[in-house]
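>>> How does the following fold in three dimensions:
(one chain, ligands or ions: 2)
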Amino acid sequence: MKRIVILISGRGSNMEAIVDACAAEGWPASVAAVISNRPDAKGLQFAAARGIATDVVDHKQHATREAFDAELARVIDRHTPDLVVLAGFMRILTPGFVEHYAQRMVNIHPSLLPAFTGLHTHRRAIEQGCKIAGATVHYVTAELDHGPIIVQAAVPVLPDDTEDSLSKRVLAREHQIYPRAVRWIVEDALDLRDGVVVHRRGEPQLVL
Ligand SMILES: Nc1nc2c(c(=O)[nH]1)N[C@@H](CN(C=O)c1ccc(C(=O)N[C@@H](CCC(=O)O)C(=O)O)cc1)CN2
Ligand SMILES: NCC(=O)N[C@@H]1O[C@H](COP(=O)([O-])[O-])[C@@H](O)[C@H]1O
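Ligands and ions are numbered 1, 2, ... in the order given. This next block holds a predicted model:
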């Protein structure tokens, strides 16, 4: 049984989608803990209500990124994870932390990478007149939002879209592709070769 630790910073709707899918679909895995860098993260309440261990490592309590990451890794490792899932986790992680969880840490990003790395992706897509937006699940590397891509969902940008309406439409697709990606990983359905993810059963890695 694989052990998953999920990191959040806020609402945690992607974490909820993964918890629900894991429970409903009988994955060979369980969510061992949900950990946040923010004590007020709403997702912590959901996890606790589902009987999942929760922890807080407050980034504001640490003088440096390295000190925060070291404490975060100590708390994560108490739960002996096979997979670390970033789900709206809003801290850039140091190279040492990323190396510690090399090839067993994933993230969901609200754009079709490599477009729009970083923050405020939907606002930028609208400002630049993009017709297509979306989300990407990728392995985490030291370089921000540049890890090997596992699956992507494409979402149309509508003429009257606002940042809020687009983010809601993309979020709904995130809730589909993130559980799918995590299930592939815990079922050992993916190969990571020379920075490219190959799905052993040939499942589509771009969902329109
Ligand atoms: N080394 C890596 N760390 C992280 C990655 C990654 O790919 N490599 N993914 C991010 C998730 N993310 C986008 O998907 C992201 C999160 C946070 C930021 C950011 O600029 N954070 C600021 C603080 C912002 C805030 O607190 O609201 C910061 O850390 O100074 C950019 C992209 C997770 N980490
Ligand atoms: N760069 C990281 C980033 O912006 N992640 C995004 O934050 C949201 C978290 O929502 P959630 O807390 O409801 O899952 C999601 O849309 C996720 O793609």
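>>> distance between the ends of stretch 152-171?
12 Å (CA to CA, to the nearest Å).
>>> Check which residues of it are buried.
Within stretch 152-171, the residues scored as buried using 16 or more other CB atoms under 10 Å are Q152, A153, V155, V157, D161, L166, S167, R169, V170, L171. Where you see a C-beta, it was placed from the backbone N, CA and C, and this is true even at glycine.
>>> With stretch 109-125 instead?
Buried-residue list, stretch 109-125, by 16+ other CB under 10 Å: H109, P110, S111, L112, L113, A115, F116, T121, H122, R124, A125.
>>> Endpoint to endpoint, it covers what distance?
Note: stretch 109-125 ends 14 Å apart using CA to CA.
>>> What of stretch 182-194?
Stretch 182-194: ends 20 Å apart by CA to CA.
>>> Could you identify the most distant pair in the buried residues of stretch 109-125?
L113 and H122 (14.0 Å; CB to CB).
>>> and the buried residues of stretch 109-125, which of them are in helices?
Counting by DSSP state H, the part of the buried residues of stretch 109-125 found in helices is T121, H122, R124, A125.
>>> and the second one, what is it in contact with?
Think H122. P110, S111, A133, E163, L166, S167, V170 (CB atoms under 8 Å, 6 or more residues apart in numbering).
>>> Buried residues, the host helix or strand of the third one. List them.
Here A133 is covered by strand 132-139, with elements defined by DSSP states H and E. Residues of strand 132-139 classed as buried: A133, G134, A135, T136, V137, H138, Y139 (neighbour count, 16+ other CB under 10 Å).
>>> Who does that strand pair with, and is each partner parallel or antiparallel?
strand 105-109 (antiparallel), strand 149-156 (antiparallel) (DSSP bridges).
>>> got TSV for these, with mean pLDDT too?
Converted to TSV, the strands paired with strand 132-139 look like this (pLDDT from 0 to 100):
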stretch	mean pLDDT
strand 105-109	98
strand 149-156	97
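>>> and the ones you listed as a markdown table, adding distance to P179?
Formatted as a markdown table, those follow (distance: least, CB to CB, whole Å):
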| stretch | distance to P179 |
| --- | --- |
| strand 105-109 | 10 |
| strand 149-156 | 11 |
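>>> hmm, back to that, identify the farthest-apart pair in the contacts of H122.
S111 and E163 (12.6 Å).
>>> L166 and A133 touch, don't they?
Yes: between L166 and A133 a contact is recorded at 6.0 Å, counting by CB atoms under 8 Å.
>>> what residues do those two have in common as contacts?
With CB under 8 Å, 6+ apart, L166 and A133 have common neighbours H122, A125, V155, V157.
>>> which one of those residues is nearest ligand 2?
H122 (8.8 Å; CB to the nearest ligand atom).
>>> Not counting sequence-adjacent ones, nearest residue to Q103?
L192 (6.0 Å; CB to CB, 6 or more residues apart in numbering).
>>> what are the pairing partners of the helix or strand where that neighbour lies, and which direction each?
Using DSSP H and E, L192 maps to strand 190-193. With DSSP bridges as the test, strand 190-193 is paired with strand 196-199 (antiparallel).
>>> The helix or strand following the strand it pairs with pairs with which strands?
Per DSSP H and E, the first helix or strand lying C-terminal to strand 196-199 is strand 206-207. Strand 206-207 sits in its sheet next to strand 149-156 (parallel), going by DSSP bridges.
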